[in-house]
Each structure stands twice: as structure tokens, then as C-alpha cells.
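>>> no sequence on this one, just coordinates:
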């Protein structure tokens, strides 16, 4: 994929400016209808999820107090993993989006909520709600695309370092919460120069992250194991496992949101003076859904409805399922592709893209069992050769 | 010669076992607090935010009901005539209102009660009277209010009430048997609309009070002069009045003319909006929200509409539960048109429930 503006067959060429504004109006109507119908049932829903999550976490941690018995370890670890996933996704992510602010309950409010994540809520809200949701899929503006460490688009020049990006991506998935914290801090950029390193604002933010990590880590890796007495080590292992499971799961779900093949990216220039209709359209083209059961939607924090979430990030997540058919209908009427597939397909598609882009443009597609030896030789030459070799070989490939 | 008093070493702050246990519990529950988990088990326990459970909703008239509430263990009790702020979720949205307490102090079950009259279009009052089920958990604040009897009880008392204005007075009548010479002048549209009608008439029949009922649908409203005619010794009585603003203002003028302003105690239920202005841009400096508010809408309403989590209370300018510092700008008091201004850096406390923007405002919240 390449930015939408440079594609030979632009998938939105058939839409007039008026069409785009009408799409915007239709989506505004859906949004208003949902807002007007929020009530007791919605409030009951989120309170119930929170209630179940807390009891599940307490129960699992209690079971882990005797985790030297294998059945207790298994039950406790599974329960804690599920509780951590619910806490991060259906509860934390969505509350921090302000989806439940309309209830005016100070205990369930985007301005008071804190979550079980390395990144403090306030920092995450800035990089996620303000940057990612505003500049979705705009190359150079939306750092969620590859988190600044990966090649996510054909238009980014290939470099041999990118060969390692599948490995990077996997390591990032295992320790995703720390990856997000580093990314919210813009760690790469801010550690690069002495001036940036000593900026008091950055130092303050970094201190907050370290403090939060210390608290989270002492709970999971010190206090809970210590309370388990002779089960110290199994409980420590259980907490580590639950954190990795949660990280792998949330990384997979989030990768499915904007990374599968077919999801569009945009040029920086293209969003200058963007109208509300155009913003909506960018969200429609830049997101992909995961199809599945109710349980799947709950466990993904309804990010399985990524399209609906990106159109209406502050509508309560329990409503995405009911508006999805209406949103899909708009896609169909205006000749746009509504990307939706089961989890395994979207994960495979996203990983395929990560691997494809770790290689020079076109390399993976051109490679067949027959020409494999020649292709490998070419790759080795591109990897070991200088810039000039790379330019010549990629030109030859393009021709 | 100077003598020196041996200075005692500053006492080291004692860390109790309970505090230490709490600290440890916080390490275990981070990023939440222990109370977030305890609330799941017992929302009324001591140490929790004050809440209550609605035990019963007892109809009083066709549009009024007494709500019996079991308060949490942190409840500190009240003085008859006081009110409480109650926060209840209506259609999923937390709403706060203030209502007078009407219960007997000596209830053996430890419950308290408020009496609510459903006002047309009233979101919370209608919900409480018509749609609240026993078992509902509500948020509470401790009782407050100055509309109470002094420790040295007056020998002769006059109560002037209208509509739901009877509620704080009923709180006093039920709990102050020592009052022997009481006149109650109460106005309601019809006989059936008199909240606590049967109980009041019984008190009158038993000779505890002299009851003057005015049914305004058929007999019209009473003004201060008419009340004076009905109660000849009015000037010798300590008077408590509660009802619509128009009635209270008439009484205040009458008492002031007679030079007896200090013998009249009043309680207002709703603010009167007198003067509106031009409005302006309101910024909440900590929250980061900026909104355009018109000159007739209280800042509290405008901010809640925009999704800001605001402190609030009676919504009529009496309880000061909504006060926030105005850092810069101007607001207009909707009750009298008075302008309050703040220069950059000031922290003038304003009541957001009765203040509208009068130009751009920065509010510290």
C-alpha cells in the first residue's frame, strides 16, 4: 500500500465533495441518536463490567496465594490475564476516551481514572486521544503507525535495519505496555540530544512514568508474591505471564485496527484544511474491524469495532455493535470497502505487512521457489552494499 | 532574667497500625484504592464516601412522596429544619439536589427521610417521587442549613409555608414537642395537595398547633397583610418562612417595615433569575475545556452540558457546594445582576450555579 493520494486507482476518486459532506452528515446523525438515547442500561453495563473485572481480579489473586498447587496456578493465571485484559481494554481505554463522562460519576470519569499500565493516564490521553485519533494514519503525523520504529509504508525508504522489524515487532508485543509508555514519552526523540534530555517537562513526565512502573512492578512482582509466602516464585511467574498475555493480546488487537492490508494511509499535505466530512472519510478508510462473537468484542474492548470507534471515539463502546450495520450500509452505498475479518486473518494480514515491508519494495511478491536463490543474492547485495547499490537494484526491480 | 522553658522534642507523628495496613493495602490495589474494592462489598460502611440506601418511597399526595433512606455509617446526624444534598442517577446521569429532612430524630431503625414534591419538568423530583425503587444507592452529603430553631426555644412561633415549603417546618414540628404556642399558615392549591395534610390537621385537632390552611386554587394567595390580619400577635412571634421567592420577599418587606427583620428566618427553594447579560467564553484551566456560554445560563449548567465534571449542590445559590475560584474575567449573579470580576491571578470564589459568564472567564477547575 502507498498513501492514498499516490495510488493508481484512488479508492475515493468517485466521491464528489458533496458526497463526502453528506457522508459526514449521515454519521453525525447516527452519533446524535446514540448520544440522545444513552441511559440507565448503558450505566448498568459499564458498572457491571467493572464489578465483574474487580471480583475476577480479586478471586484470581486469592487463588494465586496458593499457586504452588498447579490447579490454583492455572486458574489464577487465566483469571488474572482476563482481568488485566478487561481492565485495559473495555474499561480503561474506553473510560479514558471520555466514553462514560456523560454519567457525571467522578469514580468513572476520564479526568479521574487511572489504569494498570506503565503509561500514566494523562500522558496516554494526550498521545492517543489528541494525536492518534486526530491524525489517524497520516504518515509523519500519526506515530501509532509503527510507533516510529517500523517501516509501515512503501513510501518509507528501505534500509537493511528494517530486516529486523519482525523481531522488533514481536519484542514490542511482549512488553507492549512499556513500549507505549516510551512512545508516549517520545523517548527516542527526547533522549537524542542533551537539550531535550534536560528539558524539565520531559524529566517530569519521565519521573511520573518511572514512579508508575515502580508501583505496578512492586505490586505484581514483590508484594503479591510475598503475600503468597511459600508460593512466592509461582505467583511471580503468574503475574509475569498475565502481563505478557495481556500485552500480546492488546498488541494483536491494536495491530488489527490500522495495519491489515488494504487499510489506507494519507499524506501530510492532504489534511490541510480538512472538513469534518473528510475527517470522517479518513477514519473510515484508515481502520479495520475484527468479526466475531460477543465475547470477542468484549475482550477487545470493542476495538473489534475499530471503524465505529474511530468515527465516534467518545460514544460508549457497548453501542458500537448496534450501529455497525448502519455504518456498513454507508460504506456500501458510497462504494467504499468496509474491512472486517476474523481475528486470525487480520493478525496474519498485519504480520504479513510487517514482514513484507521489512524487505525491499516488491521483493516478497517477486520471490518464487524458482527464483529464490537469485532473490536472496539480490537481498544480500542490497543489505551489504551501500546506498548506491540499493538505489540501482530497487530501480531495476521497479522497471 | 529570662527563664527558659525546656522545649519538648517535637512529637514524632505516630503511624498507627491501621494507617500502615492501609498503606500496604494501597500497594496491593494500585492503581486503584482499597476503597474501590471495598465499595463492591459494602457501600455504606464507615470510612466510605457518604452514601445511603433508599428503603421505602411513601406517597404523601399525588405528586409528593417521602423517601426513607438508610444512611451510611459516616452519617453524623442532623438538626430539624436542615437539608441534605442527595446525588442520584437519573437515566444514567448523576444529578445532585438538596431536600429538607422530615424524619423523627429518634427513629429506631436509624433511617432518615426527605420529602419531595415533583415539580413539573423536574428531572430529579419526578424521578424520586414516581420512579425510584427501594434498594437504590444514592450519594449523600452531611446535613447543613441555618433554618433551625435556636437552642433557647422561642415561646411563641409562627411558621409561614407554601407548597413543599412545609418540609423543613414538618421536620421541626415532629421533633420539637416543647413548642407549645405555634401558628402555622400554609398555602397549597387544594386541600388534597397539602403535604402531611392529615398529620397537620391531627396536630391542630389535638391543640398542638393552630393551623391556617389557604387553598389558593379557590381562595387565592395570601399576602403579608392578609397574614398579619390572620395572626394578630404576629410581631411578637419568632417566624420561620419557607416557600416561593415572591412570598418570602413580601414577608421580608413587611417585617423590615415593622423593624423586626431579625425575627424572620427564611429559606429559599429556587433562585429567581433577575438579570441576564451577554455571556462569553469560559475556560476551565485544569480540565482544559473551553466553551461558549450565554448570559442566561449558569456556568454550572453550561459546563455540565460540555462534559466537565463539576461540583454542585442545591443549584439555587444557597449551599455553596459548587463554588470554584474565578482566576480572571467577569461573571454575573443571575439573582441580582451583580458583576463579580477577577484580575489575572485572583481566585475569587464564585457560585457557578447562579453565575453566568459576563465576558471571558478563566475558572480554576
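Received, thanks. In this text the structure is predicted, and so the values were computed from the model without any measurement. Numbering: from 1, shown residues only, chains lettered A, B, ... in the order given.

>>> how many residues are close by residue A:274?
14 (other C-beta atoms under 10 Å in any protein chain shown). Just so you know, the C-beta spots here come from the backbone N, C-alpha and C atoms, and that holds for glycine as well.

>>> now do it against chain B, distance only.
Computed as C-beta to the nearest C-beta, to the nearest Å, the residue A:274 to chain B distance reads 21 Å.

>>> ok, and the closest non-adjacent residue to that residue?
Of all residues not flanking residue A:274 in the chain, residue A:282 sits nearest, at 7.4 Å (C-beta to C-beta, 6 or more residues apart in numbering or on different chains).

>>> tally of neighbours for that neighbour?
23.

>>> next: residue A:22.
Using other C-beta under 10 Å, residue A:22 has 16 neighbouring residues.

>>> for the residue nearest to it when sequence neighbours are not counted, what are its contacts?
Sequence neighbours aside, residue A:277 is the residue nearest to residue A:22 in space, at 7.6 Å (criterion: C-beta to C-beta, 6+ apart). Neighbouring residues of residue A:277 by C-beta atoms under 8 Å, 6 or more residues apart in numbering or on different chains: A:20-25.

>>> give me the buried positions along the helix or strand hosting residue A:277.
Element membership for residue A:277 (DSSP states H and E) is helix A:276-285. For helix A:276-285, the neighbour count (16 or more other C-beta atoms under 10 Å in any protein chain shown) marks A:277-285 as buried.

>>> which one of these is nearest chain B?
Nearest to chain B among the buried residues of helix A:276-285, counting by C-beta to the nearest C-beta, is residue A:279 at 19.9 Å.

>>> ok, now how distant is the residue in chain B that chain A sits nearest to from residue B:220?
Proximity of chain B to chain A (C-beta to the nearest C-beta) peaks at residue B:92, 3.6 Å away. Noted for residue B:92: a distance of 42 Å to residue B:220, by C-beta to C-beta, to the nearest Å.

>>> who has more neighbours, those two?
Higher neighbour count among residue B:92 and residue B:220: residue B:92, with 21 against 11, using other C-beta under 10 Å.

>>> hmm, that one is touching residue A:45, no?
No: assessed by C-beta atoms under 8 Å, residue B:92 is found out of contact with residue A:45, at 9.6 Å.

>>> what's the local residue count around residue A:129?
16.

>>> what sits against the closest residue to it other than its chain neighbours?
The spatially closest residue to residue A:129, leaving aside those adjacent along the chain, is residue A:97, at 6.3 Å (C-beta to C-beta, 6+ apart). Going by C-beta under 8 Å, 6+ apart, residue A:97 touches A:110, A:129, A:313-314.

>>> in JSON lines, list the residues you listed along with secondary structure and pLDDT.
Converted to JSON lines, those look like this (DSSP: H, G, I helix; E, B strand; the rest coil; pLDDT from 0 to 100):
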{"residue": "A:110", "secondary structure": "coil", "pLDDT": "89"}
{"residue": "A:129", "secondary structure": "helix", "pLDDT": "89"}
{"residue": "A:313", "secondary structure": "coil", "pLDDT": "94"}
{"residue": "A:314", "secondary structure": "coil", "pLDDT": "91"}
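
>>> for chain A, what helix or strand is lowest in average pLDDT?
Lowest on mean pLDDT, DSSP states H and E among the helices and strands of chain A sits helix A:387-398, with a mean of 79.

>>> which neighbouring elements make contact with it?
Using 3 or more C-beta pairs under 8 Å, 6 or more residues apart in numbering or on different chains; DSSP states H and E as the contact test, the elements touching helix A:387-398 are helix A:372-384.

>>> buried ones in stretch A:357-365?
By neighbour count with 16+ other C-beta under 10 Å, stretch A:357-365 contains the buried residues A:357-361, A:363.

>>> just to be sure, residue B:19 is in a strand?
No: looking at residue B:19 with DSSP: H, G, I helix; E, B strand; the rest coil, it is helix, so not inside a strand.

>>> report pLDDT for it.
pLDDT recorded at residue B:19 is 82.

>>> same check on residue A:25?
Residue A:25 is assigned 96 on the pLDDT scale.

>>> the host helix or strand of it: which residues count as buried?
Using DSSP H and E, the element containing residue A:25 is helix A:17-37. Using 16+ other C-beta under 10 Å as the test for burial, helix A:17-37 gives A:19-24, A:26-27, A:30-31, A:34.

>>> now, among the residues you listed, which is nearest to residue A:159?
The shortest gap between residue A:159 and any of the buried residues of helix A:17-37 belongs to residue A:20, at 36.7 Å (C-beta to C-beta).

>>> and the closest one, what does it touch?
By C-beta under 8 Å, 6+ apart, the contact set of residue A:20 is A:275, A:277-278, A:280-281.

>>> same check on residue A:164?
Residue A:164 neighbours (C-beta under 8 Å, 6+ apart): residue A:358.

>>> alright, calling it a day.
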